[in-house]
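K.L.:
I would like to see how this sequence folds:
(2 chains)
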Number of protein chains: 2
Amino acid sequence: MKLHILGCYAATPRTLTNPTAQVLEIKNHLFLIDCGEGTQVQLRKNKIKFSRITHIFISHLHGDHFFGLPGLISTFRLLGREKELHIYGPEGIKQAITLLLKLGNSYTNYQLIFHELNSSEPELLFEDTKVEVSTLPLDHRVYTNGFLFRELTGERKLNVEATAKYKIDKAYFSSIKQGKDVKLEDGSIISNAELSFDPPPPKKYAYCSDTAFNESLISLVEGVDLLYHESTFLETERHLAKKTKHSTAKQAATIARDANVHQLILGHFSTRYKSIMPFKEEAIQIFSNVELADDGKTFIL
Amino acid sequence: MKLHILGCYAATPRTLTNPTAQVLEIKNHLFLIDCGEGTQVQLRKNKIKFSRITHIFISHLHGDHFFGLPGLISTFRLLGREKELHIYGPEGIKQAITLLLKLGNSYTNYQLIFHELNSSEPELLFEDTKVEVSTLPLDHRVYTNGFLFRELTGERKLNVEATAKYKIDKAYFSSIKQGKDVKLEDGSIISNAELSFDPPPPKKYAYCSDTAFNESLISLVEGVDLLYHESTFLETERHLAKKTKHSTAKQAATIARDANVHQLILGHFSTRYKSIMPFKEEAIQIFSNVELADDGKTFIL
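P.N.:
Reported below is the predicted structural model:
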């Protein structure tokens, strides 16, 4: 699993800072998470292949998470895309995108499939045999969801030495990976535990932006390997965080600590701050395994 | 008069090329012309003061001329703008912008005044004592206007030597600039021609993007000092120009020549071309005073 931070600053795009967008590489998918203005240029800068993006998850309809989407959809069309594109986001996203396409007489040649969200409970949005994506309801000024990306337990790993020792035919390998025992020609049974190893533990990534300090998140992101949590402000601006329904670095770290996550990434920094280092200094008092997002940075799990 | 090219490439924003946007400085106004994705970052890069922009002219509702507008409007709000903002553009622009603001629950604190256009005849959009702006109907795949910016004839210039020679009191200077004669105390009359010079000739700038080759433009841009005309393609791709209702460099130069303009600027280059130099080489065969636009370039009249 690999997380590309395309943009991690709040509010207005600037010369050197981009609004929110991320790409998560997971089990052969490239999921785009939020799409602030300029995301398509950030995708190019980060050498991410446009055609591999088939699912886009939009947390909420504030411009710094969403105003890059119409342009990206248009660019896909200009690049001759044929593959369908799934867009998950708050109710209204379909009306907005289709109005813009209609006004420009620029309907896509490929299929746009909107999945509009309005539930205040966690919902399963996507699943295949290897990964699941569900919502994390957040508390912001407009209807907002974070997203939980969860690998499913994979196949067991073949114990190559053991299968050689028992001279087991390749025809059995698939069933061994699925946890089955093998019955030899002489009638004896070799247990699956002898022939395979446990699969690697499935990984989880939780994306939480934008949100006020929200204790109901704790149980939802319990034990995730990686938590991205917004920290628009420092504690010195806690009053602004409260007023605008954002979080401070300390509050983000509190969620990480109480949910026993493995690692915390802070992001969505207000551009009022000259340096983002104080965010780490503030959070590390509460939770030690903390990193700062930055545009162009990648995190590998 | 000074023209800032913020972006002059067609279709998709890329790492090093921006979609269309320009700022025209004219008689103490900063007019923004088109607003492709990333325009607000280009405004910052070109050190243009956001608060001085009070009129935005949108040629048509294709994304590469328009998808930067919602973000710019939001940024104005975040910067605490109070001054009203006038937006001129095709019918539908108001619905699109207000829907996006509504979905984000992000209505502006300042007044947005939309001037929606649907006429196929030239229309006067703006006038004050020093400048007029009117539409130039273009021929594109959707309803599109170019814009003609015209300085009005200014005040006459005081002939300082002559006013000193006749010992004319300062109280008369304002009426001299307005073309009036002066009657001295002894009853003699000094003619205005002796006391002032003609004002500098008023300048005109015509912006024409996007458009197919369109001979009806010739009379509308007759004799302008500066013509920006799109040239998305070279003659080798003339079939594509025809199909997509764009122009070639040669066609743009033909308009410039037949309209007797002073200078031609080419822009809206397709990103299919590795170099833009061939656009100049093609146009100069038809019209000699031709320059290429480029992102960040300025032209002073």
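K.L.:
Report the buried residues of the host helix or strand of A:A164.
P.N.:
Using DSSP states H and E, A:A164 maps to helix A:160-165. Neighbour counts over helix A:160-165 (16 or more other C-beta atoms under 10 Å in any protein chain shown) mark A:A162, A:T163 as buried. All C-beta spots, glycine's among them, are computed from the backbone N, C-alpha and C.
K.L.:
next one: stretch A:178-186
P.N.:
Those buried within stretch A:178-186 under the rule 16+ other C-beta under 10 Å are A:V182.
K.L.:
which residues sit against that stretch?
P.N.:
A:155-156, A:166, A:168, A:172, A:175-176, A:189-192, A:195-196 (C-beta atoms under 8 Å, 6 or more residues apart in numbering or on different chains).
K.L.:
pLDDT averaged over it - what is it?
P.N.:
Average pLDDT, stretch A:178-186: 91.
K.L.:
mind listing the helices in the stretch 201-301 of chain A by residue range?
P.N.:
With DSSP state H, counting those that start in this stretch as the definition, the stretch 201-301 of chain A shows helices at residue ranges A:217-220, A:238-244, A:249-258, A:277-284.
K.L.:
same deal with the stretch 51-200 of chain A?
P.N.:
Going by DSSP H, counting those that start in this stretch, the stretch 51-200 of chain A shows helices at A:69-78, A:93-103, A:160-165, A:173-177, A:192-195.
K.L.:
Can you list the helices and strands that the third one packs against?
P.N.:
Right, helix A:160-165. Where contact means 3 or more C-beta pairs under 8 Å, 6 or more residues apart in numbering or on different chains; DSSP states H and E, helix A:160-165 is packed against helix A:192-195.
K.L.:
Identify all contacting residues around the helix it packs on.
P.N.:
A:R156, A:L158, A:N159, A:A162, A:T163, A:Y166, A:I168, A:I176, A:G179, A:K180, A:D181, A:V182.
K.L.:
which one of the contacts of stretch A:178-186 sits closest to B:Q251?
P.N.:
Using C-beta to C-beta, A:E155 is the member of the contacts of stretch A:178-186 that lies nearest B:Q251, at 61.6 Å.
K.L.:
Report the separation between that closest one and A:E132.
P.N.:
17 Å (C-beta to C-beta, to the nearest Å).
K.L.:
Need the max-distance pair from the contacts of helix A:192-195.
P.N.:
Maximum distance among these (C-beta to C-beta): 16.9 Å, for A:Y166 and A:G179.
K.L.:
residues from the stretch 51-200 of chain A in reach of chain B?
P.N.:
A:60-64, A:66-68, A:70-71, A:74-75, A:78-79, A:90, A:92-93, A:95-96, A:99-100, A:103-106, A:141-142 (C-beta under 8 Å from any C-beta of the partner chain).
K.L.:
any idea how far A:K167 is from the residue of chain A positioned farthest from its centre?
P.N.:
In terms of distance from the mean C-alpha position of chain A, A:D186 ranks first, at 50.4 Å (C-alpha atoms, centre = their mean). Distance, A:D186 to A:K167, by C-beta to C-beta: 12 Å.
K.L.:
Now for A:Y110: which residues touch it?
P.N.:
Counted by C-beta under 8 Å, 6+ apart, A:Y110 has contacts A:F76, A:R77, A:R81, A:E82, A:K83, A:E84, A:L85.
K.L.:
partner residues bridging the last one?
P.N.:
Per DSSP bridges, the residues bridged to A:L85 are A:L112.
K.L.:
unless I'm mixing things up, it is touching A:I73, no?
P.N.:
Yes. The pair A:L85 / A:I73 is scored as a contact, 7.3 Å apart, by C-beta atoms under 8 Å.
K.L.:
Identify the contacts common to those two.
P.N.:
By C-beta under 8 Å, 6+ apart, the residues touching both A:L85 and A:I73 are A:T108, A:L112.
K.L.:
Comparing those two, which shows the higher neighbour count?
P.N.:
Neighbour count, other C-beta atoms under 10 Å in any protein chain shown: between A:L85 and A:I73, A:I73 has more, with 23 against 19.
K.L.:
show me the contacts for that one.
P.N.:
Per C-beta under 8 Å, 6+ apart, neighbours of A:I73: A:L85, A:I97, A:L101, A:T108, A:L112.
K.L.:
so, if you compare these, which one comes nearest to chain B?
P.N.:
A:L101 (9.0 Å; C-beta to the nearest C-beta).
K.L.:
if I look at that closest one, how far off is A:L220?
P.N.:
A:L101 is 35 Å from A:L220, by C-beta to C-beta.
K.L.:
Residue ranges in the stretch 201-301 of chain A under the pLDDT threshold?
P.N.:
For the stretch 201-301 of chain A, no stretch is flagged by pLDDT under 70.
K.L.:
Near the residue in it that chain B sits nearest to, how many other residues are there?
P.N.:
Proximity of the stretch 201-301 of chain A to chain B (C-beta to the nearest C-beta) peaks at A:T271, 9.7 Å away. Neighbour count for A:T271, taken as other C-beta under 10 Å: 16.
K.L.:
Was I right to think it contacts A:C8?
P.N.:
No. Under the criterion of C-beta under 8 Å, A:T271 is not in contact with A:C8, lying 11.1 Å apart.
K.L.:
Of all the residues in stretch A:183-201, which ones are buried?
P.N.:
Here stretch A:183-201 shows A:I190, A:N192, A:L195, A:S196 as buried, counting by 16+ other C-beta under 10 Å.
K.L.:
Span of that stretch from start to end?
P.N.:
28 Å (C-alpha to C-alpha, to the nearest Å).
K.L.:
Chain A - how does it break down into domains?
P.N.:
A:2-154+A:200-300, A:157-197 (automatic domain parsing).
K.L.:
and those domains, which is most packed in?
P.N.:
domain A:2-154+A:200-300 (a mean of 20; mean count of other C-beta atoms under 10 Å in any protein chain shown).
K.L.:
next one: it to chain centre, how far?
P.N.:
6 Å (C-alpha atoms, centre = their mean, to the nearest Å).
K.L.:
how long is it end to end?
P.N.:
4 Å.
K.L.:
Kindly report the same for stretch A:38-57.
P.N.:
16 Å.
K.L.:
same check, this time on stretch A:97-116
P.N.:
So stretch A:97-116: terminal residues 12 Å apart, C-alpha to C-alpha.
K.L.:
Equivalent analysis for stretch A:136-144, please.
P.N.:
Using C-alpha to C-alpha, first and last residues of stretch A:136-144 are 9 Å apart.
K.L.:
can you check stretch A:292-301 too?
P.N.:
End-to-end distance (C-alpha to C-alpha), stretch A:292-301: 16 Å.
K.L.:
Let me see the residues that make contact with it.
P.N.:
Contacts of stretch A:292-301 (C-beta under 8 Å, 6+ apart): A:1-9, A:16-18, A:42, A:45-46, A:203, A:205, A:225-226, A:228, A:263, A:265-267, A:276-277, A:279-280, A:291.
K.L.:
do the same with stretch A:245-257
P.N.:
A:10, A:139-141, A:208, A:210-215, A:217-218, A:221, A:227, A:229-235, A:237-238, A:240-241, A:264, A:266, A:268, A:278-280, A:282-287, A:290.
K.L.:
Go ahead and produce CSV holding the CA coordinates of that stretch.
P.N.:
Output of stretch A:245-257 as CSV, limited to C-alpha atoms (Å, rounded to 0.1, in the frame of the first residue of the first chain):
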residue,chain,number,x,y,z
LYS,A,245,-15.1,22.9,12.7
HIS,A,246,-11.5,21.9,12.1
SER,A,247,-9.0,20.2,14.4
THR,A,248,-5.7,21.2,16.0
ALA,A,249,-2.6,19.0,15.9
LYS,A,250,-3.1,18.1,19.5
GLN,A,251,-6.7,17.0,18.9
ALA,A,252,-5.6,14.9,15.9
ALA,A,253,-2.9,13.2,18.0
THR,A,254,-5.5,12.5,20.7
ILE,A,255,-7.7,10.6,18.2
ALA,A,256,-4.6,8.7,17.1
ARG,A,257,-3.6,7.8,20.6
